[in-house]
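Enquirer: okay, sequence plus prediction incoming.
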Amino acid sequence: MTDPIRFFLDDAEVEAQPGETIWQVADRRGVEIPHLCWLPKPGYRADGNCRACMVEIEGERVLAASCIRPPTPGMKVHAGSERAKASRQLVFELLVGDQPDRAAAHDPDSRLWQWADALEISDSRFPQRAPVAPDRSHPAMAVQLDACIQCNLCVRACREVQVNDVIGMAGRGHHEKIVFDFDDPMGNSTCVACGECVQACPTGALMPASLVDDNGTYANAPDRQVESVCPYCGVGCQLIFKMKDDRIVAVEGKDGPANHNRLCVKGRFGFDYVHHPDRLTEPLIRKDGVAKDDVAIDPANPFTHFRKASWEEALDRAATGLARIRDRDGKRALAGFGSAKGSNEEAYLFQKLVRTGFGSNNVDHCTRLCHASSVAALMEGIGSGAVTAPFTAAADAEVIIIIGARPTENHPVAATFFKQAAKRGAKLFVMDPRGQVMARYATKMLRFKPGRDVAMLNAMLHTIVDEGLYDRQYVQAHTQDFEALREHVRDYAPEQMAEICGVDAATLREVARTYARAKSAIIFWGMGISQHVHGTDNARCLIALALVTGQVGRPGTGLHPLRGQNNVQGASDVALIPMFYPDYQSVEDPAVREKFEALWQTPLDDKRGLTVVEIMDAVHAGQIQGMYIMGENPAMSDPDVQHARQALAKLEHLVVQDLFLTETAKYADVVLPASAWPEKDGTVTNTNRQVQIGRTALPLPGNARQDWWIIQEIARCIGLSWSYTHPRDVFAEMKTAMPSLNGITWERLLREHSVTYPCDSETVSGREIVFGDGFPTKSGRARFVPAAIIPPAEEPDADYPMVLTTGRQLEHWHTGAMTRRATVLDELEPEAAASLAPAELRRLGIAAGDPIRVTTRRGSIELKARSDSAIAPGMVFIPFCYAEAAANVLTNPQLDPFGKIPEYKFCAAKVEPAAVAAAAE
């Protein structure tokens, strides 16, 4: 049925759209009907079990739950009848009777109490139920089931919205109750602490632990709130900071286009790092005579190696040192690392400073370490480094491929859309050498051999081409060089590749056929694809799969490299990279360079700059003498970090701008205290190409300063006449340099919070799905680039028989500078551990929890062993966020020749009990 349904609501004729319930029509018309088990938010369905929304319908004997009852033509509904009102009042009197006293309520402003007040129900004639013991086993959430009304909202939040399947109902009759897993304490369950249940609960039965005291009584009531964006991963969740006395006491999800109110553990419970006592609040200058090879510094007490300075002295010292090197040794003797955790405006200013103030293109950031190879392949193949469709397009896909990504850990909110798609019937293929949670929802899990992606993907391409499953019309109209691909993949039959990649030929053919025949299919990939010496080739194969089947440019189709940090897309867009000006315009193109010389009123270098790892090599070679590092931590994030740390120590002059005395800042000559994300205004661009705005929620601590202000002051001190007064001024200049920002203004972002690019005008929405009518290449066509099998740079051998891979984990972010100072996150994952297969631990004679030593050709670290059945025998996984056991001491710095990205995902290693290793020494 598509026609509106006309019926009567309280004697007024109204219209319901197809699929609407009585409650929704009433709400739209401003008729208030109480509701508790129905949460009118994206992803929630009505259940009708609380009976708070009862209405009277003429001709029917019993009242109806309006949240689940659709109207019919001519129906006469009385929402305000005395009978309906009496029913609701009785329901609320029964519910209030089971609640703790209002004075000791866990949440006296809960939805239940708000409705009770509206209905003038303050006490109850009915006996109170027996006390229920609270559960405070979880560091982030308080479980207080004495307030539970069994509305099942938390169950639906967990099972249907976040799709984590932890919360359920157990028992019968009077003994029925909410449980976690098999009635475990919440802190001992498989809960991933997304907090969706807390946000959904209408009574205070589930609360952020930060909002109740030890007795479960409401405390820390927020006195104001500010809407902003999450500063962690590339999903770009919108959220609401809730503050009391200028401290963040809670965070709530907001209905942004990327998250629809959802958050993960970091976004909801990972913000008290901004209040950590380690925060830098004064400029610091290294004490005279303190060597840079002495980095045994307590971040809580930097004054053993540094002294406080005024801003005037610190800026002068920082800028004078940089200018001295530039004037003495030339423009390429300096380099800068910017940050993907800051705003677009800060990233733009930083790259502009390096290019116009230092004089070269030696500027880079962490995209070099995560998706540089993906961008290289996308630019080469389709003319754009951005995603062709948002991750929410999974809702329209028949087939979804996730390869080299672990979204439940690294992009948890995006993962909810993938899990929901699988539950509605989409075919989900997960490809990863390690097992993962997404496999629970997968049609098939392809656990291929590490580093053998190209063999597997070329086998799929062979099947599609050889069996004539490719889209001939699309290939002819929109691509070029198909014949070269056809000839290349002829030698990659699944029967020959199965032994190489570890996936049987029948499975390879089945997945290839299913993907090719789908009406709509989309590919998501992560750093498991990109962080290899053949990372660009991996991405080339994925691009070819989409192009050869025409799975681009339509709803439910596309190519999506899941971007890592919150602004890695935006930082790349605004040119915090050495080979491009803003909007990926080549620094080596004379016409482009002339345009930016006119905009910035200065001559510019005509040579592309050095990348992250190349810069460290240039320091060792004596070519780079000074660096300015803002918000990056190469002493933890670079491969072979001993090599990087030696480079930092060798620099004649190092300026670091950050929140904490990071491992990198310990090598600095000048340390400048910066602003955290909740302390600034600015825009960020997420993995979906959604430009979003963050707003200042907190004052700066001590004498810290805004990052854009610090960059501008450095620029002024080295001779540039900048005069920005606010990030909006920087955004306005960015628009003149970046056609991608057409249709997006600062004022529009303040009003709408998020706008997707490309956007045709200020009055229309941006285009989520792109390249349906061609590609931004000179020919308008996409290009096939065949990829041959290239082995990893370092294979296991008798001395180093295992494969080491590194990555992130759910509770911590990147190098841990923020999350390891967030109380809840650090309590959930407090120490470094290496994950190995149970069989591998038995073979090595190691028990879970034992100290072990992991060694590669670059170094050794000691940490605890963790048993993990998702790890294949012969592999070891180590997260890279623990400074005391820095995984990147071990990693191989060999680079992909195109993306210049290091091979973090594969190197040869050995594992032994720590005691055995010590005895051998």
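Expert: Thanks, I have it. Numbering: from 1, shown residues only.

Enquirer: so which residues of the stretch 101-250 of the chain form strands?
Expert: Ranges of strands in the stretch 101-250 of the chain, per DSSP state E, counting those that start in this stretch, are 141-143, 167-170, 177-180, 206-208, 224-229, 238-244, 247-253.

Enquirer: among those strands, which is nearest Phe898?
Expert: Nearest to Phe898 among the strands of the stretch 101-250 of the chain is strand 224-229 (31.7 Å), distances taken as CB to CB. Heads up, the C-betas are built off the backbone N, CA and C, glycines and all.

Enquirer: buried ones in the closest one?
Expert: Val226, Glu227, Ser228, Val229 (16 or more other CB atoms under 10 Å).

Enquirer: now do that strand: everything it contacts.
Expert: Here strand 224-229 makes contact (CB atoms under 8 Å, 6 or more residues apart in numbering) with 236-243, 252, 254, 256, 566, 677-678, 684, 692-697, 753.

Enquirer: try 6 Å this time
Expert: Strand 224-229 has contacts (CB atoms under 6 Å, 6 or more residues apart in numbering) with Gly236, Gln238, Ile240, Phe241, Lys242, Met243, Val684, Gln692, Gly694, Arg695, Ala697.

Enquirer: now the fifth one: closest residue in space, sequence neighbours ignored.
Expert: Nearest-residue entry for Lys242: Pro222, 3.8 Å, with adjacent residues in sequence omitted and distances by CB to CB, 6 or more residues apart in numbering.

Enquirer: equivalent analysis for the second one, please.
Expert: Spatially, and ignoring its direct neighbours in sequence, Gln238 is nearest to Gly256 (2.8 Å; CB to CB, 6+ apart).

Enquirer: burial of Glu597, as a residue count?
Expert: 13 (other CB atoms under 10 Å).

Enquirer: excluding chain neighbours, what is closest to it?
Expert: Glu597's closest residue in space is Leu604 (CB to CB, 6+ apart), at 5.4 Å.

Enquirer: neighbours around Asn259, how many?
Expert: 26.

Enquirer: ok, it - contacts?
Expert: Asn259 touches Cys237, Val413, counting by CB under 6 Å, 6+ apart.

Enquirer: these two touch, right, the residue nearest to Lys242 and Asp246?
Expert: No. Contact status for Pro222 versus Asp246: not in contact, 11.3 Å apart, counting by CB atoms under 6 Å.

Enquirer: need the three-state assignment for Val824.
Expert: Going by DSSP: H, G, I helix; E, B strand; the rest coil, the secondary structure assigned to Val824 is helix.

Enquirer: again with Glu15
Expert: Under three-state DSSP, Glu15 comes out as strand.

Enquirer: neighbours around it, how many?
Expert: Glu15: 14 neighbours (other CB under 10 Å).

Enquirer: grab the longest strand from the chain for me.
Expert: strand 859-867 (DSSP state E).

Enquirer: ok, and the closest non-adjacent residue to Leu457?
Expert: In space, Leu457 is closest to Cys541, 3.6 Å off (CB to CB, 6+ apart).

Enquirer: restricting to C-alpha, output the helix or strand that contains the one you found in PDB.
Expert: Applying DSSP states H and E as the criterion places Cys541 in helix 535-548. C-alpha atoms of helix 535-548 as PDB (Å, rounded to 0.1, in the frame of the first residue of the first chain):
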ATOM      1  CA  GLY A 535      49.800  -3.000  -0.700                       C
ATOM      2  CA  THR A 536      49.200  -1.000  -3.800                       C
ATOM      3  CA  ASP A 537      48.900  -4.300  -5.800                       C
ATOM      4  CA  ASN A 538      46.400  -5.600  -3.300                       C
ATOM      5  CA  ALA A 539      44.300  -2.500  -3.800                       C
ATOM      6  CA  ARG A 540      44.700  -2.700  -7.600                       C
ATOM      7  CA  CYS A 541      43.100  -6.100  -7.500                       C
ATOM      8  CA  LEU A 542      40.200  -4.900  -5.400                       C
ATOM      9  CA  ILE A 543      39.600  -2.000  -7.800                       C
ATOM     10  CA  ALA A 544      39.800  -4.400 -10.800                       C
ATOM     11  CA  LEU A 545      37.100  -6.700  -9.100                       C
ATOM     12  CA  ALA A 546      34.700  -3.700  -8.800                       C
ATOM     13  CA  LEU A 547      35.400  -2.400 -12.300                       C
ATOM     14  CA  VAL A 548      35.300  -5.700 -14.200                       C
END
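
Enquirer: distance between it and the chain's centre?
Expert: 23 Å (CA atoms, centre = their mean, to the nearest Å).

Enquirer: packing partners of the next helix or strand after that helix?
Expert: Remark: after helix 535-548, the chain's next helix or strand is strand 558-561, criterion DSSP H and E. On a contact count with 3 or more CB pairs under 6 Å, 6 or more residues apart in numbering; DSSP states H and E, strand 558-561 meets strand 521-525.
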